[in-house]
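A.B. asks: My questions concern the predicted model and sequence given below.
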Amino acid sequence: MTHSFVGWEAFRSQMPVTRRLAYLDHAAVAPLSEPARSAITQWVAQATEQGDVCWPQWDQRCQQVRQLAASIIHADTNEIALIPNTTTGIGLVAEGFPWREGDNMVTLANEFPSNQYPWMNLATRGVQASRVQVPDGQVHVDHLLAACDQRTRLISVSWVGYATGWRIDVPRLVQEAHRRGILVFLDAIQGLGVFPIDVRAWEVDFLAADGHKWMLGPEGAGLLFIRAEHLDLLRPLLVGWNSVQQSHDFSRCDLDLRPAAARYEGGSANMAGIAALGASLQLLASAGLTSDASPLADRVVQLTDLAIERLRSIGGLIRSPRVRGHDSGILAFELPGKSPSAVRRHCMERGVVLSVRHGWLRISPHAYNNEHDIDRLVTHLQDAQ
């Protein structure tokens with residue numbers, strides 16, 4: 001295997017999990033990077049020994065993370081809100097959008113539940129959620145568009161599907177949706193951290209992603225992007241002291257909302273989690289995440305290609321559709337005659353971490369993984385009963 005980026009061993013050295021495990025489950029919950037651990041440890045020490053004396057320093061760090069997140073997705077800093085998770089971001093848009101009774105939105109029937117339930121919940125407001133079937137695992141833009149009509153206001157899809165890893169053609173989807181007067185929400189949790197994205201050039205309207213998968217951060221710290229021109233389109237929700245311009249003047253209660261996506265950060269922030277997320281984002285940025293041709297993406301695709309080769313050599317059946325430009329770090333497969341849950345348990349007991357989704361085994365290696373991790377996986381898949 002060849003790579004244009006030469007620092008993979010240095011990157012791997014920043015992932016303590018590699019000392020014990022072949023961790024191939026980043027589409028579920030990723031292990032923390034060493035910089036993320038250091039950020040949390042520092043925060044804990046300060047909070048324990050000094051209380052909130054360091055609060056201005058912590059707040060400054062949050063603003064730096066906001067700036068870094070904006071630069072990674074090519075957004076303006078004012079378009080980024082730091083939120084607890086992807087579900088929160090989806091819910092803020094779903095409930096804040098100016099729906100009219102009889103409107104509809106379009107999503108996929110194989111979306112992760114968090115990108116279905118908030119839209120289904122709009123039925124109480126007279127809004128229909130149309131869910132497009134994906135029988136072959138391949139998301140065809142034309143099929144999504146065919147489900148739209150004159151009352152369709154929004155399309156919400158995952159950049160990368162969580163079950164089989166299909167990566168959609170976001171620029172084409174957005175372009176065609178906008179031609180029809182339809183906005184696009186992108187659930188980016190399974191792509192952001194590896195694949196480059198330019199929300200400005202792609203003209204994405206809304207995006208949300210938690211940091212605990214490919215961004216190597218802790219649970220409870222993520223980001224929401226709201227295109228500036230849409231900020232006043234949404235009804236503000238979860239409004240609190242931190243939503244207004246005079247956030248630190250508690251004696252003045254004027255609902256003067258921030259002219260930024262940060263208006264959705266109503267209360268106290270998860271400062272430890274945000275600091276940790278920022279530390280991992282800095283690590284990923286140093287590995288080329290902010291570049292248009294991300295070496296991280298190339299590395300992850302090459303690792304999954306290698307896994308396909310090795311899995312087929314032991315009789316594995318690949319269930320993820322692999323089409324160049326649509327591939328990702330998620331790979332679903334099965335081993336005929338073997339129980340997926342039993343195989344997973346066998347591997348987990350031997351230090352190889354993977355998942356089962358929809359009755360298939362699923363691996364999701366990150367760029368710090370290597371060929372030894374793939375070999376270790378295949379060895380234990382073979383001796384599983």
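C.D. replies: Yep, it's here.

A.B. asks: can you give me the offset of the helix or strand hosting residue 70 from its chain's centre?
C.D. replies: In this assignment (DSSP states H and E), residue 70 forms part of helix 55-73. Centroid separation between helix 55-73 and its chain, computed with C-alpha atoms, centre = their mean, to the nearest Å, is 18 Å.

A.B. asks: and that helix, which residues are buried?
C.D. replies: Using 16 or more other C-beta atoms under 10 Å as the test for burial, helix 55-73 gives 58, 61-62, 65-66, 68-70, 72-73. Bear in mind the C-beta positions are built from the backbone N, C-alpha and C, glycine included.

A.B. asks: ok, now stretch 95-112?
C.D. replies: Neighbour-count burial for stretch 95-112 flags 95-97, 99, 103-108, 110-112 (criterion: 16+ other C-beta under 10 Å).

A.B. asks: Please apply the same query to stretch 151-161.
C.D. replies: Buried residues in stretch 151-161 (16+ other C-beta under 10 Å): 152-161.

A.B. asks: what two of these have the greatest distance between them?
C.D. replies: Greatest spacing in the buried residues of stretch 151-161, by C-beta to C-beta: 153 and 160 (24.1 Å).

A.B. asks: so where do the helices sit in the chain?
C.D. replies: Under the criterion DSSP state H, the chain carries helices at the ranges 8-13, 34-50, 55-73, 86-96, 117-120, 141-146, 170-179, 199-202, 271-286, 295-313, 340-349, 371-382.

A.B. asks: helices and strands around the last one, which ones?
C.D. replies: On a contact count with 3 or more C-beta pairs under 8 Å, 6 or more residues apart in numbering; DSSP states H and E, helix 371-382 meets strand 22-23, helix 295-313, helix 340-349, strand 352-353.

A.B. asks: same thing but at 10 Å, please
C.D. replies: strand 22-23, helix 295-313, helix 340-349, strand 352-353, strand 360-363 (3 or more C-beta pairs under 10 Å, 6 or more residues apart in numbering; DSSP states H and E).

A.B. asks: Run the angle between the second one and helix 271-286 for me.
C.D. replies: The one in question is helix 295-313. 80 degrees (axes from the mean of the first three to the mean of the last three C-alpha atoms, to 10 degrees).

A.B. asks: Now do helix 295-313, average pLDDT.
C.D. replies: Helix 295-313 comes out with an average pLDDT of 97.

A.B. asks: closest to residue 131 out of the helices of the chain?
C.D. replies: With C-beta to C-beta as the criterion, residue 131 lies closest to helix 117-120 of those, at 8.4 Å.

A.B. asks: tell me which residues in that closest one are buried?
C.D. replies: Judged by neighbour count (16+ other C-beta under 10 Å), helix 117-120 contains these buried residues: 118-119.

A.B. asks: which residues sit against it?
C.D. replies: Contacts with helix 117-120, where a contact means C-beta atoms under 10 Å, 6 or more residues apart in numbering, come from 87-95, 104-107, 111, 113, 127-131, 154, 156, 185.

A.B. asks: Recalculate using a threshold of 8 Å.
C.D. replies: Identification of contacts with helix 117-120 by C-beta atoms under 8 Å, 6 or more residues apart in numbering yields 87, 90-91, 94-95, 105, 107, 127, 129, 156.

A.B. asks: next one: that helix to chain centre, how far?
C.D. replies: 18 Å.

A.B. asks: For that helix, give the mean pLDDT please.
C.D. replies: Helix 117-120 comes out at a mean pLDDT of 98.

A.B. asks: Can you give me the neighbour number for residue 40?
C.D. replies: 17 (other C-beta atoms under 10 Å).

A.B. asks: Against residue 61, how distant is it?
C.D. replies: Distance of residue 40 to residue 61, given as C-beta to C-beta, to the nearest Å: 12 Å.

A.B. asks: Lovely, talk soon.
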